[in-house]
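J.: how would this look folded up:
(2 chains)
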Amino acid sequence: MQRTRRTVISTIAAGLIAGTLAMPISASALTLGFAQVGAESEWRTANTGSIKDAAKAAGITLKFSDAQQKQENQIKAIRSFIAQKVDVIAFAPVVTTGWDTVLAEAKKAKIPVVLTDRSIETKDPSLYVTMIGSDFTEEGRNAAKWLLQNYKGQGDVNIVELQGTVGSAPAIERKKGFEEVIKSEPRFKITRSQTGDFTRAKGKEVMEAFLKTDKNIQVLFAHNDDMAIGAIQAIEAAGIKPGKDIIIVSIDAVKGAFEAMMAGKLNVSVECNPLLGPQLMEIVKDVKAGKQLPKRINTKEGIFPMETAAKEFPSRKY
Amino acid sequence: MKATLLRLTRSHLFWPCVTLVLLCLVNVHFNPGFFDIEIKDGHLYGSVIDILNRAAPLMLIAMGMTLVIATRGIDISVGATVAIAGAVAASLIGGSLVIKEGVQTYVSNTPMPLAFAAALAVALLCGLWNGLLVAGAGMQPIVATLILMVAGRGVAQLITEGQIVTVYYEPFFFIGNGFIFGIPVSLYIVAAVLGILLLLTQRTALGLFIESVGINPVASRFSGISARALVFWVYAFCSVTAGIAALIITSNVKSADANNAGLLLELDAILAVALGGTSLSGGRFYLIGTLVGALIIQTLTYAIYSLGVPPEINMVVKAIVVFGVCIIQSPALRDLLLKHALRSGGPA
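T.: Take a look at the predicted model:
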C-alpha cells in the first residue's frame, strides 16, 4: 500500500513537477531535487528505486521528477527545483547537449548540480560539481574484450549492433569503447548498426529487418539488455538459436538478462550498476559540507558470462 | 485504353499504391530477397510478412482514425490509450513460469479473457471520455483529445507502478506472435475489423451519415441524423481499435512499457489516413486507402533498417520521403506538371 501511494505521488510529480516524498526527519534536513530520465528499462527502474530508498535512509528530502525521456521536461524540472530552492540538484541527462542555459541558472542561484550515470557536453565544466556513474566507454571495451577472448569460430566475424537512443551518452560511448577494442582484430567487423531506442519493441523490430536482409550474422552487440531481449525473440522467430548460432553480447546485467542467460539465449552481459543511490546521497552531503570532490566518480561494475548466471541470479537486486 | 488508364489514375487508391510499389522496389533493390517468403516452423516467414505483421496495430488504429477524421475530428490520444490498455492487460495477466519436476507450466494472475475484456473496456472508457468532450461539451477535437494524450501515459504509469511489466504467460503471446494457417494472428484481427467496418459503412447508411456529418454537421442534423451521438460513438470506436492494437503490441514484446508503447502512434495513424487519400477536413473517407497508407509507413521504416541508413539521419530520410509522397499526391501539383508536359509537347 505504502509503495503504491509513493508511486502515485511520484507519477503525479512527473506531470506537475512537484510533489514531495519522504518527510524530513530533522528541521535541517537536506533537500535533493532529482530529475530522472523516465522508466525506459528495468535498469532505470532499479536506479529510481535505489535513489528513493537511499534518500529515505539518509534522511534527505527528495523531490523526484520523471522526464519521460524528454529533455524539455527535464529542463522544466530543473527550473522548478531552482524555484523551490532545493539544496542540491541531481539529474540523469536524457541527451548530452543543450544544458548550458539551465545549468547557468542553477549556478546563479548557487545550487550545486550533480550528474548521475550520463555525462554532458559543455564548455564550462564549473556548471556541475561532479558526475557519478558508470564509465560507458569502459563497458563497451569490456563487451568487446569478452567477445575477442571467447569467440570460438574461425573466419570473418560479422557483428550487428543495436544502438541506444541516438545522441545519448551511453549509446555514443559504448559504441566508441567497443569499436576501439575490436579494431585490433581485423576479422571482427560491425556490418550493420541501427538504433533500437533502448526498448524491447524497437530491438525486436530492427533485428527482424536485419535477419531478413543479411544471412551472414555471427554476433549481436546490443547497447542494453532490453534491446537484446527483444532481438532474441526475433532471432528465435527466424528459426536460429540465439546464444549459439548468433553470439549475443549486451550491457546492463538486469534480471531479464540473467533469465535469458540461464536459458542459454544470451552469452554475456556487462554490468552497468544502477544502485548508485547510497553513493549519491554521500556526495550530496559532501557537496553541502563544502568538501572537494573529483569531477568523476565511477560505480563498481562486473562482467557476467552465461555460465555464472545461475549462481549470481539470486543475489541480483535489479 | 487511354480512358481506362485515365480513370485508373483518378482512383483515390492509385497514387497511394504507386507509392507503395515504389517503396517495395527500393527495398528489392537493396535487399534482393525482399519478396522471398519461406515456410519456417509451419508458418510464413519473410520481409513482407514482417511488414504486414508490424503494420497491424497501425492499420487498426488508422481505421478508427479514418472515421474520426471523416467527421471533421481528430484523435491524438490513441498512443496514450495504447499505453493504458497495454498496461491493464499486462498487469492483470502478469503470470509466472512455474517449473515442477522439469515440467514448465504458465500461470496467469487473472484469466486471460477477463484481462482482455478489462483492457478493451478501459480503452472504450477512454473513447467515451473523448466522445463526451467532443460531442457532449462541444470542445475542439484536438484540444479535447490532447487532455487524454497528456494524462494517459501518467495513468498508464500508475497502473504499472512506473515499471515495465513483463508477462510470463505463454498463451498471451499468441495474439501478437502466433500464426493461424501460417498467417500472423494480427492480420486476421485487421481483416475482421476491416470486414465489419466495410459492412457497416457500405451496406448500411452509416458511412453516408458519417460523411454527411463531416461535410456539414448542421445540415445533417436538420435532415434527421443525430450528429452528436454519431460523433460520440466514432470516438469510442477509435479508442477501442487502439485497445485492440495495444493487446497485439503488448503480446508481441511480451511486456507493457507505459512510457514507450504506442509512442507517437497517433501521428503515424493520422499520416496513414492522409496518405490514403482521406482529407483532414472531413467528408469522404477511404478505409482501404488508409490501410495502404499504413503499409507505406511500415515499408518505409523497414527500408530504413535494411538500407543501413545511419541512425542519426533516420528521421530526415523519413521526412523527405513523406514530403515526396505528399507532393506526388497533391492534385494541384499534378495538374501543373501535366499542363507543363502538354505545353512542351512531350508525351504526357
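J.: other SSEs contacting the helix or strand harbouring residue B:300?
T.: Taking DSSP states H and E as the criterion, residue B:300 maps to helix B:287-307. Packing contacts for helix B:287-307, counted by 3 or more C-beta pairs under 8 Å, 6 or more residues apart in numbering or on different chains; DSSP states H and E, involve helix A:200-213, helix B:14-30, helix B:47-70, helix B:185-202, helix B:265-275, helix B:314-328. Yep, even glycine has a C-beta here, placed from its N, CA and C like the rest.
J.: all helices of chain A, in order?
T.: A:2-16, A:42-58, A:71-83, A:100-108, A:136-150, A:169-182, A:200-213, A:225-237, A:255-262, A:277-288, A:309-312 (DSSP state H).
J.: enumerate the positions of the last one that are buried.
T.: When you say that, I think you mean helix A:309-312. Neighbour-count burial for helix A:309-312 flags residue A:309 (criterion: 16 or more other C-beta atoms under 10 Å in any protein chain shown).
J.: and that helix with chain B, contact?
T.: No: contact between helix A:309-312 and chain B is absent, the nearest approach being 13.0 Å (criterion: C-beta under 8 Å from any C-beta of the partner chain).
J.: what packs against that helix?
T.: Right, helix A:309-312 is packed against helix A:255-262 by 3+ C-beta pairs under 8 Å, 6+ apart.
J.: tell me what angle the helix it packs on forms with helix A:200-213.
T.: 40 degrees (axes from the mean of the first three to the mean of the last three C-alpha atoms, to 10 degrees).
J.: residues contacting helix A:255-262, please?
T.: For helix A:255-262, the external contacting residues (C-beta atoms under 8 Å, 6 or more residues apart in numbering or on different chains) are A:42, A:225-226, A:228-229, A:232, A:250, A:266-269, A:304-306, A:309-310, A:312-313, A:316, A:318, B:166.
J.: how about the residues of the stretch 51-200 of chain A near chain B?
T.: A:66, A:68-69, A:163, A:166-167, A:192-195, A:197, A:199-200.
J.: top of these by neighbour count?
T.: Compared across those, residue A:200 has the highest neighbour count, 29 neighbours, by other C-beta atoms under 10 Å in any protein chain shown.
J.: what's the pLDDT at the closest residue to it other than its chain neighbours?
T.: Excluding the flanking residues, the one nearest residue A:200 by C-beta to C-beta, 6 or more residues apart in numbering or on different chains is residue A:230, at 3.7 Å. The score at residue A:230 is 94. That number is its pLDDT.
J.: contacting residues for residue A:230?
T.: Residue A:230 is in contact with A:196, A:199, A:200, A:201, A:202, A:203, A:204, A:205, A:207, B:253, counting by C-beta under 8 Å, 6+ apart.
J.: quick one: those residues as CSV, columns for pLDDT and distance to residue A:214 too.
T.: Putting the contacts of residue A:230 into CSV (pLDDT from 0 to 100; distance: C-beta to C-beta, whole Å) gives the following:
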residue, pLDDT, distance to residue A:214
A:196, 92, 16
A:199, 89, 22
A:200, 90, 21
A:201, 90, 21
A:202, 92, 18
A:203, 94, 16
A:204, 94, 16
A:205, 93, 15
A:207, 96, 11
B:253, 88, 22
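J.: can you flag the buried ones in these?
T.: A:196, A:199, A:200, A:201, A:202, A:203, A:204, A:205, A:207, B:253.
J.: among the residues you listed, which one lies nearest to residue A:87?
T.: Using C-beta to C-beta, residue A:199 comes nearest to residue A:87 of these, at 34.5 Å.
J.: who are the contact partners of that closest one?
T.: So residue A:199 contacts A:40, A:41, A:226, A:227, A:230, B:257, B:260 (C-beta under 8 Å, 6+ apart).
J.: low-confidence regions, the chain specifically.
T.: No chain specified, so I'll use chain A. A:1-28, A:40 (pLDDT under 70).
J.: please go with chain B instead
T.: In chain B (pLDDT under 70), the answer is B:1, B:97-104, B:345-348.
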